[in-house]
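Student: Let's see this in three dimensions:
(one chain, ligands or ions: 1)
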Amino acid sequence: MRLYPIMDTTKENDLTYEENSNNYPPAKAPISPVLSFSSFSGNDHQNAPSIASAKYKRFVTSGRIATALALINENIGAGDEVLVPAYHCESMVAPVRHTGATAVFYRINADTSINIDSITELLTPKTKVIVVTHFFGFPQNVKELRSFCDQHDLIMIEDCAHSFFGKFCGHPVGYYADYAIASTMKFFPVFDGGLLASNKHPLNQIKLEKPSVHMEVKAFLTIIERAISFNRLSFVGKILGFFTRIKDYLWSAIKAVFFKDRGSASIGPSAAEGGFSFDPAWLNTKASKVSRFIIKKTAMTELVKKRRQTYMRYVEALKDIEGCHILHTKLADHIAPVVVPVYFNHCAQVFDKLKKKGVPIWHFGEFLDPEVSVSTCPISYEYSQKVIQFPCHQELKEKEIEWVIREIKATCLAANK
Ligand SMILES: Cc1ncc(COP(=O)(O)O)c(C=O)c1O
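Tutor: Residues are numbered from 1 along each chain as shown. As a prediction, the model looks like this:
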């Protein structure tokens, strides 16, 4: 069993060879975006269709917090049932349980679309909400699901954690839902970040407070530190690096003085550190200023273009490689995948070999909820074992993309022998 979360979006370089239970070295390229001088280059800052096009918005510290706020806003609690995909990570289930409601797991199809028959079978008078996830950035048929929800008087939450960008049936992601949530850490070089959005509910009851100064400082320094650890920001980074080296000393001092009674998650949310747990202490906190500033200044059209180009390079490079296939090989207009999901016949072997080489990998769905077994949804179970994901974000350097693809090909071919 692996003892640490593989889908660790921030800590690649923090894991030492010794610390890591499987003796994997740190990733040699960033699994999620890191700040660079090109992060803001491009003219078109806010024009890509995205969840942020919604009328009402709240920038919070993580996607899981946004989900919990949507449920709380609808007074979901004990006795209610919330339909959640059987293919999931813990942070999609934890907000449901936080409200006291029961998570009920529905099946998905092989193309990762939701299985409407399964949803219909699972409906009971207690069902109040459906959470629909655009896995890896590929939109579900939310128009159809909207009609279904209206017919059965259900609240629809669009989980756009993997799909900050995109359009479906002429509208940006999130448009058809009662609420949509995003995890901005997966798309932008930020420290913390989630978004709760709605076109239908004004979100007036959701009052957020500014994060502490300590959190703001931590957010800023962590963003810089991460960039430097992957050789971004060149000479300016080295100068800033001097300041980040004092960060650890600063934190120990701050924690000792201000947070001695409040546990480890006090300064920054665990989501920002790559953890999956749910901490209600962050329910009323805004995303850090620096993270919001970066999102505002990002050249979004450029971001979408780069992600699409890189994704298609994987598709082209792996199309004839035996023993693996990419789950989605076509990109509809406007979508920007969060990662490249690759199915491997010999996944465990490939995963181990690639991790040992320092290739950055996500493993979405690796730890399914104990209530989910192969009989709940054979496809979710299979994908949790056989599908791993590789980065295609806008901050990857050319040579990093080439190297990751080369390693995947070589490792997959070797595993077939
Ligand atoms: C599909 C999906 N939804 C929601 C979340 C929760 O997002 P966050 O980590 O920002 O809390 C994740 C996290 O990985 C996710 O993959």
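Student: What ranges does the stretch 151-300 of the chain have for its helices?
Tutor: Counting by DSSP state H, counting those that start in this stretch, residue ranges of the helices within the stretch 151-300 of the chain are 213-229, 234-245, 247-258, 289-297, 300-318.
Student: can you redo those as JSON lines with distance to the ligand, mean pLDDT and mean neighbour count?
Tutor: Using the backbone N, CA and C atoms, a C-beta is placed for each residue, glycine as well. Formatted as JSON lines, the helices of the stretch 151-300 of the chain follow (distance: least, C-beta to the nearest ligand atom, whole Å; pLDDT from 0 to 100; neighbours: other C-beta atoms under 10 Å):
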{"stretch": "helix 213-229", "distance to the ligand": "14", "mean pLDDT": "91", "mean neighbour count": "21"}
{"stretch": "helix 234-245", "distance to the ligand": "23", "mean pLDDT": "68", "mean neighbour count": "13"}
{"stretch": "helix 247-258", "distance to the ligand": "22", "mean pLDDT": "66", "mean neighbour count": "12"}
{"stretch": "helix 289-297", "distance to the ligand": "12", "mean pLDDT": "95", "mean neighbour count": "18"}
{"stretch": "helix 300-318", "distance to the ligand": "16", "mean pLDDT": "97", "mean neighbour count": "19"}
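Student: how about these, which one is nearest Ala86?
Tutor: Ranking these by proximity to Ala86 (C-beta to C-beta) places helix 300-318 first, at 25.2 Å.
Student: Contacts for that closest one next, please.
Tutor: 41-42, 44-48, 50, 165, 187, 324-326, 329, 331, 334-337, 340, 342, 390, 392-394, 396, 401, 405, 408-409, 412 (C-beta atoms under 8 Å, 6 or more residues apart in numbering).
Student: Try it again at 6 Å.
Tutor: Helix 300-318 has contacts (C-beta atoms under 6 Å, 6 or more residues apart in numbering) with 42, 44, 47-48, 165, 326, 329, 331, 336-337, 340, 392, 394, 401, 405.
Student: can you list the residues of the stretch 301-417 of the chain near the ligand?
Tutor: Phe364 (C-beta under 6 Å from any ligand atom).
Student: Need the phi and psi values for the residue in the stretch 301-417 of the chain positioned nearest to the ligand.
Tutor: Per C-beta to the nearest ligand atom, Phe364 is where the stretch 301-417 of the chain lies closest to the ligand, at 5.9 Å. With angles defined as degrees, to the nearest 10, Phe364 sits at phi -60, psi 140.
Student: residues contacting it?
Tutor: Applying C-beta under 6 Å, 6+ apart to Phe364 gives the contacts Gln389.
Student: thinking again about what came up before, which members of the contacts of helix 300-318 are classed as buried?
Tutor: Buried members of the contacts of helix 300-318, counted by 16 or more other C-beta atoms under 10 Å: Gly42, Ala48, Phe165, Ile326, Leu331, Ala336, Pro337, Val340, Cys392, Gln394, Ile401, Ile405.
Student: Give the full set of residues in contact with the closest residue to the third one other than its chain neighbours.
Tutor: Which is Phe165. Counting by C-beta to C-beta, 6 or more residues apart in numbering, Phe165 lies nearest to Ala336, which is 4.0 Å off, once chain neighbours are set aside. If you count contacts by C-beta under 6 Å, 6+ apart, Ala336 has them with Phe165, Val304, Arg307.
Student: Could you check how far the residue of the stretch 301-417 of the chain closest to the ligand is from Ile388?
Tutor: 8 Å (C-beta to C-beta, to the nearest Å).
Student: Could you do Asp192 as well?
Tutor: Noted for Asp192: a distance of 25 Å to Ile388, by C-beta to C-beta.
Student: wouldn't Leu69 be in contact with Gly194 here?
Tutor: No - contact criterion C-beta atoms under 6 Å: Leu69 and Gly194 do not qualify, at 9.0 Å.
Student: Between the two, which is the more surrounded one?
Tutor: Shown here are Leu69 and Gly194; by other C-beta atoms under 10 Å, Gly194 has more neighbours (28 against 23).
Student: The more buried one contacts Val60, doesn't it?
Tutor: Yes - using C-beta under 6 Å, Gly194 is in contact with Val60, at 4.6 Å.
Student: Quickly list what's touching both of those two.
Tutor: Common neighbours of Gly194 and Val60 (C-beta under 6 Å, 6+ apart) are Ala66.
Student: how about the strands in the protein?
Tutor: Here the chain has its strands, by DSSP state E, at 56-60, 81-85, 102-106, 127-133, 155-159, 167-168, 171-172, 179-182, 194-198, 324-326, 339-344, 387-391.
Student: and Cys149, which of those strands is closest to it?
Tutor: strand 155-159 (4.4 Å).
Student: contacts for the closest one?
Tutor: By C-beta under 6 Å, 6+ apart, strand 155-159 touches 70, 74, 129-133, 149, 174, 177-181.
Student: Can you tell me which of the residues you listed is nearest the ligand?
Tutor: Within the contacts of strand 155-159, proximity to the ligand (C-beta to the nearest ligand atom) peaks at Thr133, which comes in at 4.7 Å.
Student: Give me the neighbour count for the closest residue to the closest one other than its chain neighbours.
Tutor: Once flanking residues are discounted, Thr133 sits nearest to Asp159: 4.1 Å by C-beta to C-beta, 6+ apart. Look at Asp159: counted by other C-beta under 10 Å, it has 27 neighbours.
Student: Dig out what Asp159 forms beta bridges with.
Tutor: Residues in a beta bridge with Asp159, per DSSP bridges, are Thr133, Ile181.
Student: ok, now how distant is it from Ala68?
Tutor: According to C-beta to C-beta, Asp159 and Ala68 sit 12 Å apart.
Student: before we move on, what about Ser384?
Tutor: Here the criterion is C-beta to C-beta. By it, Ser384 lies 24 Å from Ala68.
Student: same deal with Ala317?
Tutor: 39 Å.
Student: now swap in Phe278 and tell me
Tutor: Counting by C-beta to C-beta, the gap from Phe278 to Ala68 is 7 Å.
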